[in-house]
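Q: Quick check, what structure comes out for this input:
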Amino acid sequence: MSTPGPRHYSSDAPGTSRVNVWLVVLLLGLTGVMIYRQAFWHSPLFNSHAESRAITPRGNLAADELSTIELFQQVSPSVVHVTSVAVLRNAFSTDVHEMRAGTGSGFIWNTEGHIVTNLHVIREGQGAVVTLADSSNHSARLVGFDTANDIAVLKIDVPAGLLTPIAIGESSDLKVGQKVFAIGSPFEFDHTLTTGVIGGLNRTFGTESGTIHNAIQTDAAINPGNSGGPLLDSAGRLIGVNTAIVSESGGSHGIGFAIPVDLVNVAVPDLIRTGTISRPWLGVIVREDYAYRQTRLPGVLVQQVVPDGPADKAGILPIRRGENLETLAGDRLLVINDDPIHTARDLLDLLTQYRAGDTVTVTLMRADEKRKVEVMLAAMPE
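A: Residues are numbered from 1 along each chain as shown. Got it, this is the predicted structure:
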């Protein structure tokens, strides 16, 4: 028998050979990528003769661009930055120091140094600083404020020649779709211009202090810091005071509201003269009226009429006794001019946009008959 020869065993199974081949391919690939990257970033591609590109002539600015630029240059000197200052006392010493409580915008009302802004801009402070367009800072004193309409008037002591009062427009003839401009200090970037259109008129919205009626709705960006700044028409005239924005995130993509200038132009002189607003008075005591199962009836029920007051002189009737001592229902007030009345608070809020001596048309329900009466408002008694 022949003796079998020595056996040779290979340690490389077929599967192992394939793995080694793929490892070699992978390493070669990675090496190629590294070489390519080195060539991409470090290859000598510089050109010592490179020069700036020739500028393409722009041509003239469009007419609407020129008008916007002119408007900004015209109005921006009238717009100011307002910083509310809080005074703090050290609990362990007599040291007193100031800190910023809030910021916003405002505008120059006249050459006497009166500045108009929102009340909520300065509410949290014990003082304020007004920064003019030339970046000069001036300590401001509070002249007066109108809580219901979120308006405040400050005063700075500056030579008249350094003050540029804003041009005053009107808000009664505004149209939806009309172009508007806002100038203010959003996020403390002074004298920022935003543009938009009027999206709605005669809006009602609530503030921390009350309800503002006949507000202007706009899509012009109104960010934190724009409050108190002017809303302008295309002629550069003040048509409103930017006050609030309704937005899910608080950003400028929401709906902005401005206090109409017709209201501002009445309130500000009152504040400068006396520091307060002379509120008109209808001379009635009212309540919400309910029917069966607490269903609210339209309007508000006149419970009492003050003798010789505006409502009494206009013939508005309260709850009273009839000839046979039966109880007669009072009139229900439904509308003042074009504004509906749903609650007693509505009536009070609506009256804030008028002044003593104004005549308003009151629509009321007497028994089952609608009537309209003219009422001359009087100053509220002390």
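
Q: only C-alpha atoms for contact and neighbour calcs from this point on.
A: Fine.

Q: Identify the residue nearest residue 256 in space, chain neighbours excluded?
A: residue 245 (4.2 Å; CA to CA, 6 or more residues apart in numbering).

Q: same deal with residue 260?
A: Closest residue to residue 260 in three dimensions, ignoring its sequence neighbours and counting by CA to CA, 6+ apart: residue 240, at 4.4 Å.

Q: Show me what the helix or strand encompassing that neighbour is packed against.
A: Residue 240 is part of strand 238-246, with elements assigned from DSSP states H and E. In terms of contacts (3 or more CA pairs under 8 Å, 6 or more residues apart in numbering; DSSP states H and E), strand 238-246 is packed against strand 114-118, strand 230-232, strand 255-260, helix 261-274.

Q: quick one on the thing from earlier: which residues does the residue nearest to residue 260 form beta bridges with?
A: For residue 240, the residues forming beta bridges with it (DSSP bridges) are residue 231, residue 260.

Q: I'd say it and residue 171 touch.
A: Yes - judged on CA atoms under 8 Å, residue 240 makes contact with residue 171 at a distance of 7.5 Å.

Q: if you count what's nearby, which of these two comes out ahead?
A: Ranked by neighbour count (other CA atoms under 10 Å), residue 240 and residue 171 place residue 240 first, with 28 against 20.

Q: residues in contact with that one?
A: By CA atoms under 8 Å, 6 or more residues apart in numbering, the residues touching residue 240 are 171, 216, 230-232, 258-261, 264.

Q: what separates it from residue 373, distance-wise?
A: When CA to CA, to the nearest Å is the yardstick, residue 240 and residue 373 sit 31 Å from each other.

Q: same thing with residue 146?
A: Residue 146 sits 29 Å away from residue 373, taking CA to CA as the criterion.

Q: who's more crowded, these two?
A: Higher neighbour count among residue 146 and residue 373: residue 146, with 22 against 15, using other CA under 10 Å.

Q: contacting residues for residue 277?
A: Going by CA under 8 Å, 6+ apart, the list of residues near residue 277 reads 145-146, 267, 270-271.

Q: Would you format these as JSON lines with pLDDT included?
A: Shown next, in JSON lines, are those (pLDDT from 0 to 100):
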{"residue": "145", "pLDDT": "92"}
{"residue": "146", "pLDDT": "88"}
{"residue": "267", "pLDDT": "89"}
{"residue": "270", "pLDDT": "89"}
{"residue": "271", "pLDDT": "93"}
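
Q: ok, of those, which one's closest to residue 85?
A: residue 145 (17.0 Å; CA to CA).

Q: and the contacts of residue 277 as CSV, adding distance to residue 63?
A: Output for those, formatted as CSV (distance: CA to CA, whole Å):
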residue, distance to residue 63
145, 40
146, 40
267, 37
270, 40
271, 40
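
Q: would you list every one of the helices in this structure?
A: In chain order, the chain shows helices spanning 14-42, 63-75, 119-122, 261-274, 310-314, 344-351, with DSSP state H as the criterion.
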